[in-house]
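requesting a structural model of the entry that follows:
(chains A, B and C)
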Amino acid sequence: MPKKRAYWLMKSEPDVFSYDHLVAAKKSTTHWDGVRNYQARNTMRDDMKVGDLVLYYHSNTKPPGIVGVAEIVREGYPDHTQFDPGDSHFDPKSKEDNPRWYMVDLRAAAELPNYVTLDELKANAKLQDMAVVQRGQRLSVQPVTAAEFKEVLKMGGLKASNLP
DNA sequence: GCCAACGTTGGC
DNA sequence: GCCAACGTTGGC
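Modelled structure (predicted):
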């Protein structure tokens, strides 16, 4: 039996790489480099599968919130920036034959007609357990349940039929 | 293996 | 710009 599609949330600072940047990228696709947290690494390396859907979250902006949906189009593979001494994400302790950091490829799927702010997420009783609303939650790649995903789509005014 | 110091995240 | 929360590092 095929595994059920999973759902995730990924944070990005819009000044660095916004949802619009993703849409404008070649094939509306990008590689999600630069993650240097082991838990997020494990998720990308081990758990994200092609076809999984991602809530695209804008952090460090006013107001923070979910702007759109993306689709995983390539599963975990080594993040090349860890081997580049000129890159700000260079990791001198990582070896090419045993890479420490992984990334996935992401393609824009659909923008939410209504931006869903963090305040709105926090105010929704159905989303009290969602990772992103928890106090002190800094993880940039988080799991989302199917029910939470569906609720965010509803809040954002996006029909599931508009998704891949 | 403990834990203080340090660095980063990210809301406010 | 502040700072709480939290992850990582390194001395011991």
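
is it true that residue A:159 touches residue A:153?
Yes: between residue A:159 and residue A:153 there is a contact under C-beta atoms under 8 Å: 7.4 Å. In this view, the C-beta of every residue, glycine as well, is placed from N, C-alpha and C.

so which of the two has more stuff around it?
residue A:153 (21 against 10; other C-beta atoms under 10 Å).

and the gap between residue A:70 and DNA strand B?
Distance of residue A:70 to DNA strand B, computed by C-beta to the nearest atom of the strand, to the nearest Å: 17 Å.

and if you look at residue A:81?
Residue A:81 is 13 Å from DNA strand B, by C-beta to the nearest atom of the strand.

and the lengthiest strand in chain A, what's buried?
For chain A, the strand with the greatest residue count under DSSP state E is strand A:102-117. The neighbour-count check on strand A:102-117 (16 or more other C-beta atoms under 10 Å) flags A:102-112, A:115-117 as buried.

can you lay out the residues you listed as a markdown table showing distance to DNA strand B and pLDDT?
As requested, the buried residues of strand A:102-117 are exported to a markdown table (distance: C-beta to the nearest atom of the strand, whole Å; pLDDT from 0 to 100):
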| residue | distance to DNA strand B | pLDDT |
| --- | --- | --- |
| A:102 | 16 | 95 |
| A:103 | 15 | 96 |
| A:104 | 17 | 97 |
| A:105 | 20 | 97 |
| A:106 | 16 | 97 |
| A:107 | 22 | 98 |
| A:108 | 20 | 98 |
| A:109 | 22 | 97 |
| A:110 | 22 | 97 |
| A:111 | 19 | 97 |
| A:112 | 16 | 97 |
| A:115 | 14 | 97 |
| A:116 | 13 | 97 |
| A:117 | 9 | 97 |
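
pipe those into JSON lines and attach distance to residue A:53 per row.
Shown next, in JSON lines, are the buried residues of strand A:102-117 (distance: C-beta to C-beta, whole Å):
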{"residue": "A:102", "distance to residue A:53": "19"}
{"residue": "A:103", "distance to residue A:53": "18"}
{"residue": "A:104", "distance to residue A:53": "13"}
{"residue": "A:105", "distance to residue A:53": "14"}
{"residue": "A:106", "distance to residue A:53": "10"}
{"residue": "A:107", "distance to residue A:53": "11"}
{"residue": "A:108", "distance to residue A:53": "11"}
{"residue": "A:109", "distance to residue A:53": "7"}
{"residue": "A:110", "distance to residue A:53": "10"}
{"residue": "A:111", "distance to residue A:53": "13"}
{"residue": "A:112", "distance to residue A:53": "12"}
{"residue": "A:115", "distance to residue A:53": "18"}
{"residue": "A:116", "distance to residue A:53": "15"}
{"residue": "A:117", "distance to residue A:53": "20"}
